[in-house]
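In: Okay, sequence plus prediction incoming.
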Amino acid sequence: MDTRKKIRPFTFKVDFQNGKISNPDTHIVRKLSSMKGQYSDEKSFNEMLDKKDCILYEVYEKLVPEIEGELLQGMSIVHPGKVGKEYFMTKGHFHSILDTAELYYCVKGHGYMVMENPEGDWSVEELIPNIVLYVPGRWAHRSININNTEDLVTIFTYPANAGHDYASIETKGFRKLVVDNNGTPEIIDNPGWK
Ligand SMILES: [Fe+2]
C-alpha cells in the first residue's frame, strides 16, 4: 500500500522556552548510561553515573512515513552539564543513507555542532538562536551544549528514509572534541579517535 496516501498536511507548534512541540509522536530521552564510552574522561563519567543516571538530552519528533521524498522533523533539547571537561552532548550519528542532509534551526541556548565526513574533513559550527545550520549529506553530526545553565534547543528536519547509524560514532568517536578550558570552549583532537 502506498503509505503516502495516509499523510495529510499538518502543522505543529514550537514552544522553545519550555523545549516542547505540540502533540509529538515520539519522545526520546537519553540518559548518561546510554553514553558509555562516548566521553574521554571515563573516571568522571563513572563517578557521575554512580551518583545519578541524569538526562543529557531529549528529542521530540513528528513522525511521517519513512519513505523517500518525505521529511521528518522535531526538536532536540540538550541539557546543560559536563562530564569532566566535556559538555553534555548528543550521541552523534551518520545517516544510514549516507548521502542525506539535515537542516537545524537553533531557537534557544548556545552550543556547537561537531561534524565530520568519511573523507577526513571536519567542521565545528556555533549554534545560537536564529542560526540555521545545513549539514550536508555524508557528514556525521553531534550537538553540544556549552551553556552552564540553559538548554540548547534546535528544530531539525531531514529525509524521512535517512535512518541513523550510531554504531560508527560509538566505535570510533569524532575526530574533534569540544572541551571547557577554564570557562572557554576549546576544540581539541580526540585522543581516543580510531
Ligand atoms: Fe541526523
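Out: Thanks, I have it.
In: Quick check: mean pLDDT of stretch 47-56?
Out: Here stretch 47-56 scores 97 as its mean pLDDT.
In: Show residues contacting it.
Out: Contact with stretch 47-56 is made by 29-33, 35, 78-79, 81, 83, 88-90, as judged by Cβ atoms under 8 Å, 6 or more residues apart in numbering. C-beta coordinates here come from the backbone N, C-alpha and C atoms, glycine included.
In: Would you mind checking those residues for buried ones?
Out: Neighbour-count burial (16 or more other Cβ atoms under 10 Å) applied to these gives R30, L32, M35, V78, H79, G81, V83, F88, M89, T90.
In: pull the helix or strand with minimum mean pLDDT from this protein.
Out: None of the helices or strands of the chain scores lower by mean pLDDT, DSSP states H and E than helix 167-172, at a mean of 92.
In: Correct me if wrong: L133 contacts Y104.
Out: Yes: at 4.4 Å, L133 counts as touching Y104 under the criterion of Cβ atoms under 8 Å.
In: Not counting sequence-adjacent ones, nearest residue to D25?
Out: For D25, ignoring the flanking residues on the chain, the nearest one in space by Cβ to Cβ, 6 or more residues apart in numbering is L63 at 4.0 Å.
In: separation between that neighbour and F94?
Out: Distance, L63 to F94, by Cβ to Cβ, to the nearest Å: 21 Å.
In: and those two? which has more neighbours close in?
Out: F94 (23 against 14; other Cβ atoms under 10 Å).
In: in the sheet, who's paired with the closest residue in space to E61 that isn't next to it in sequence?
Out: Nearest residue to E61, sequence neighbours excluded (Cβ to Cβ, 6+ apart): G74, at 3.6 Å. G74 has these beta-bridge partners by DSSP bridges: E61, F156.
In: Let me see the contact set for G74.
Out: I21, P24, T26, V59, Y60, E61, K62, I155, F156.
In: Verify the contact between the last one and A101 for me.
Out: It refers to F156. No: at 10.9 Å, F156 does not count as touching A101 under the criterion of Cβ under 8 Å.
In: quick one: which of those two has more around it?
Out: Taking other Cβ under 10 Å, F156 and A101 do not tie; F156 has more neighbours (19 against 15).
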